[in-house]
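[1] Structure of the sequence below:
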Amino acid sequence: MTGAIQVEGLVRTYGNTRAVDGLSIVVRESEVYGFIGPNGAGKTTTLRILSTLLAPTSGTVTVAGIDIERDPHSVRRLIGVALQESGLDGMQTSEEILAFHGRLQGLRGKSLKRGVERAIACLGVEGFASERISTLSGGMKRRLDIAIALVHSPAILFLDEPTVGMDPTSRRTLWEEISRLRRDEGTTVFLTTQYLDEADQLADRIGIIAGGQLKAEGSPADLKKALQRDVVNVTVSSRDDEDAEQIVKLTENNEATISAAHSNGVVSIQSLNGDITMAHMLEIVASASIGISDISLRRPTLDDVFIELTSEMSAASTGREDNENGA
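    Take a look at the predicted model:
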């Protein structure tokens, strides 16, 4: 399979520590790929390698069909990068720093003017374009960081924790812009984030990394479906623990049930198929003449998937990337 980004057997070591450990992924053209994992899992190290800012120890990486080690300069012409840390000069205005980075990318004259105006409009910083960067809020500086990455209309955009420090409105604006870039301009977006709702909302596919290794990959819907762990909650009308205990015992015989427990008159059943369990539950309470005041079904969330796949690795991987400034 070919893609905008191809990674095969990627390894990055720091002494005896493997921050990235045999990673292989393919990011398709014009997709948003969400890359998530616990702190120290290898996310930022991977992004830095893909964007030519860090050399791999071994393995191969191509971006837009170009080997990042053989021709990093050509790769840099095609990509935009917004890292976690800001490199903004507080004495410049937003317009000045955007123009500076546009010129670094080879823009001149009308192309430069259009690029700056487009980047300002994309991130909604029109009202602050002529103000010194030192006067901007943290969230506005973050938006400017991303505008810089967009000034030359890159084919591939790397975003490392892009909405950290943003207020809800700014965050939603960025989400809309990322979706628009993918939809209208065919931009490929590689996005690291610890906000799982962000990955769920934006990503066509998600890669979950822990301990430098890919633990799972797929669409948000497929990842949640693969967990196979619905939860059915039933509230006994009487709040009687004897009734709740009876429901638990009768439910344990159902083939879809993983586990069942009760507390304060509420029965919780983890199930392989919540629809089957809910139907079975209704039959149980009817036949046993147990009154219930509420019954609900909760599907797995991306949080559930994340915790399931990374919990065992979190403690071991913490601190892996301390030398590389974060996750």
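[2] buried sites along stretch 117-127?
    Neighbour-count burial for stretch 117-127, counted by 16 or more other CB atoms under 10 Å, picks out R118, A119, I120, C122, L123, G124, V125. In short, each C-beta sits where N, CA and C put it, glycine included.
[3] For the residues you listed, give me CSV that also has distance to S287 and pLDDT.
    Below are the buried residues of stretch 117-127 laid out as CSV (distance: CB to CB, whole Å; pLDDT from 0 to 100):
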residue, distance to S287, pLDDT
R118, 66, 88
A119, 65, 88
I120, 66, 86
C122, 60, 79
L123, 60, 76
G124, 59, 74
V125, 64, 72
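[4] what about the residue lying farthest from the centre of the chain, distance to Q246?
    Distance from the C-alpha centroid of the chain, by CA atoms, centre = their mean, peaks at S289 (46.7 Å). Remark: distance between S289 and Q246 (CB to CB, to the nearest Å) = 10 Å.
[5] And for R70?
    Distance from R70 to Q246, by CB to CB: 69 Å.
[6] And I206, by the same measure?
    41 Å.
[7] Could you do R28 as well?
    For R28 relative to Q246 (CB to CB), the value is 52 Å.
[8] Which of these two has more residues huddled nearby?
    Legend: neighbour count by other CB atoms under 10 Å for R28 and Q246, higher for Q246 (18 against 14).
[9] Could you say which helix or strand holds that one?
    helix 241-251 (DSSP states H and E).
[10] Repeat that for K215.
    Using DSSP H and E, K215 falls in strand 213-218.
[11] partners of that strand, with directions?
    strand 205-210 (antiparallel) (DSSP bridges).
[12] Need the CA coordinates for the partner strand. PDB is fine.
    Extracted in PDB, the C-alpha atoms of strand 205-210 (Å, rounded to 0.1, in the frame of the first residue of the first chain):
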ATOM      1  CA  ARG A 205      -8.100   6.600  11.300                       C
ATOM      2  CA  ILE A 206      -6.300   6.500  14.600                       C
ATOM      3  CA  GLY A 207      -3.100   4.800  15.600                       C
ATOM      4  CA  ILE A 208      -2.600   4.100  19.300                       C
ATOM      5  CA  ILE A 209       1.000   3.900  20.500                       C
ATOM      6  CA  ALA A 210       2.400   2.800  23.800                       C
END
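[13] three-state assignment of G165?
    Three-state assignment for G165 (DSSP: H, G, I helix; E, B strand; the rest coil): coil.
[14] separation between the nearest residue to it once chain neighbours are set aside and A147?
    Leaving aside its sequence neighbours, G165 sits nearest to G138 (CB to CB, 6 or more residues apart in numbering; 4.5 Å). To A147, G138 is 15 Å away according to CB to CB.
[15] one step back: residues near the residue nearest to G165, how many?
    Neighbours of G138 (other CB under 10 Å): 12.
[16] Likewise for the one 4 residues further on?
    R142 has 25 neighbouring residues, counting by other CB under 10 Å.
[17] List the residues that contact it.
    Neighbouring residues of R142 by CB atoms under 8 Å, 6 or more residues apart in numbering: S86, P162, T163, V164, G165, M166, S170.
[18] quick one: the strands in this structure?
    5-14, 17-27, 32-36, 58-63, 66-67, 79-82, 156-160, 188-192, 205-210, 213-218, 230-236, 257-263, 266-271, 292-298 (DSSP state E).
[19] Got the phi and psi for L83?
    phi -90, psi 170 (degrees, to the nearest 10).
[20] If we ignore the residues flanking it in sequence, what's nearest it?
    Using CB to CB, 6+ apart, the closest residue to L83 is D160 (5.0 Å).
[21] so the one you found makes contact with L47?
    Yes: in this structure, D160 is within contact of L47 by CB atoms under 8 Å, at 5.3 Å.
[22] Overlap in contacts, these two.
    L83, T192.
[23] Dump the buried residues of stretch 117-127 into JSON lines; add distance to Q105 as well.
    Output for the buried residues of stretch 117-127, formatted as JSON lines (distance: CB to CB, whole Å):
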{"residue": "R118", "distance to Q105": "13"}
{"residue": "A119", "distance to Q105": "11"}
{"residue": "I120", "distance to Q105": "16"}
{"residue": "C122", "distance to Q105": "16"}
{"residue": "L123", "distance to Q105": "17"}
{"residue": "G124", "distance to Q105": "22"}
{"residue": "V125", "distance to Q105": "19"}
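[24] quick one: which of those sit in helices?
    Using DSSP state H, the subset of these located in helices is R118, A119, I120, C122, L123.
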